[in-house]
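1. Below: sequence and its predicted model.
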Amino acid sequence: MPFELPIASRIRKSPYFDRTVAEGATALSVYNHMYMPMSYGDPEGEYWRLIDGVSMWDVAGERQVQLKGPDAAKLAQMLAPRDVAKIRTGVGVYAPLSDQKGRLLNDPILLKLDEDRFWLSIADNDMLYWSQGIALGARLDVEVTEPDVSPLAIQGPKAFDVAAAIFGDWVRDLKHFHFRETEIAGIPVAVQRSGWSHQGGIEIYLMDGTKGGQLWDIVREAGQPFDIAPGTPNATERVESDLLSWGSDTWPEANALEVGLGKFVNLKMAPDFIGKTALQRIADTGPARRRRGLFIEGAPLDRAEDHWPVLHDGWQVGVATTAVWSLRLERNIAICLIASDVPEDAALFVQTPEGLRDATLTSLPFCKPGRPESW
């Protein structure tokens, strides 16, 4: 059943909102209290453009939490399970944030802009208030704000051709999560090798929200020789590529270790961080669940709106957090959280809206970048 999402002043519009409407956005969601396009009316075409060419996305809903002041690094270290002292200026690191019980709160990129200024580039959760509360409780000398910063993503195998046409060939040499502050046509931006796909690309962090339409037009024009067109973070590609979606894949009690983010949690470093003690206990005993892939048999399933129970020997042993029809594998796939003691070769069933379906565990990711014939 189709639903309508009314446009109202209570939800913020991104700096690119008017351009996305003019481009024909047909579906919106709300991400960090901001409208975000979810489709331009051709889901399959948008998917293959991402796989084969280049797509531009309004991801301004990927808000930043800025930590600035003498104690900015101290606050960053309290929040992040990484050794902040070792992060160089111009570098970002994946930093899953936990609460005191070890529950995953968010999985941002922590960017170091200066010795006393950091950004948390967050997923869809109110980390601004969490960070402000921690700073207040610890009596830290730091200003915690949401700055005027709005990312625009260029994603796909031709993304760096477009970015080089805008900024120059130096963007091709950026390492993953590394960034540089610069400007284009007088517009202040930071350019980072990143983005929510495994097809390659960059994110342009616009630092003047009044210039959103101008930046959109610059990217659109530079991308014309490469057949660029608007798109959105693609649910099918992200499941195929095993990209975690906070909330969709983690809600409500998941921890970083069980969802596969253990390599980004440094439990051996001397600095403490919120949740370290709880996560150490989980690491000592082993996570009760693990993040795995599922093949689900049968005809193509609609994208899951809810978590689907995963059954073994008549008992629920997990949940399929996100299920899609894979266009590259031409079969139903899902990411699941499943009890750690379930055997790899277990005969499983998934309770779908259309009834029970046979399922088997598999490793992640399902797909490499590009088309199967190139793997």
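-> Looks like it came in fine.
2. Only the buried residues of the longest strand along the chain, if you could.
-> As assigned by DSSP state E, the longest strand anywhere in the chain is strand 315-326. Buried residues in strand 315-326, counted by 16 or more other CB atoms under 10 Å: 317-326. Every residue, glycine included, has its C-beta placed from N, CA and C.
3. Okay, and the beta partners of the closest residue in space to Ile338 that isn't next to it in sequence?
-> Sequence neighbours aside, Gly318 is the residue nearest to Ile338 in space, at 3.2 Å (criterion: CB to CB, 6 or more residues apart in numbering). In this entry, Gly318 is beta-bridged to Val310, Ile338, by DSSP bridges.
4. let's number from 309 now, not from 1
-> In the new count, where the first residue is 309, that last one comes out as Gly626.
5. how near is Gly626 to Ala543?
-> 20 Å (CB to CB, to the nearest Å).
6. same check, this time on Ala335
-> 12 Å.
7. got it, and Gly349?
-> Relative to Ala543, and taking CB to CB, Gly349 is found at 15 Å.
8. Which one's more surrounded, these two?
-> Set side by side, Gly349 and Ala543 show more neighbours around Ala543, with 20 against 10, by other CB atoms under 10 Å.
9. surely the more buried one meets Val632?
-> Yes: if you go by CB atoms under 8 Å, Ala543 and Val632 touch, sitting 6.0 Å apart.
10. shared neighbours of the two, which are they?
-> By CB atoms under 8 Å, 6 or more residues apart in numbering, Ala543 and Val632 have these common neighbours: Arg611.
11. hey, where'd the strands end up in the stretch 459-608 of the chain?
-> With strands called from DSSP state E, counting those that start in this stretch, the stretch 459-608 of the chain shows them at 487-492, 495-501, 509-514, 537-539, 597-604.
12. Can you say which of the ones you listed is nearest to Arg318?
-> For these, proximity to Arg318 was assessed by CB to CB; strand 509-514 is nearest, at 23.0 Å.
13. And Ser337, its phi and psi?
-> Ser337 has phi and psi values of phi -130, psi 180 when expressed as degrees, to the nearest 10.
14. Is it correct that it is in contact with Met346?
-> Yes: with contact defined as CB under 8 Å, Ser337 counts as touching Met346 (5.0 Å).
15. circling back: can the strands of the stretch 459-608 of the chain go into CSV with extra columns for distance to Arg327?
-> Shown next, in CSV, are the strands of the stretch 459-608 of the chain (distance: least, CB to CB, whole Å):
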stretch, distance to Arg327
strand 487-492, 16
strand 495-501, 14
strand 509-514, 12
strand 537-539, 8
strand 597-604, 36
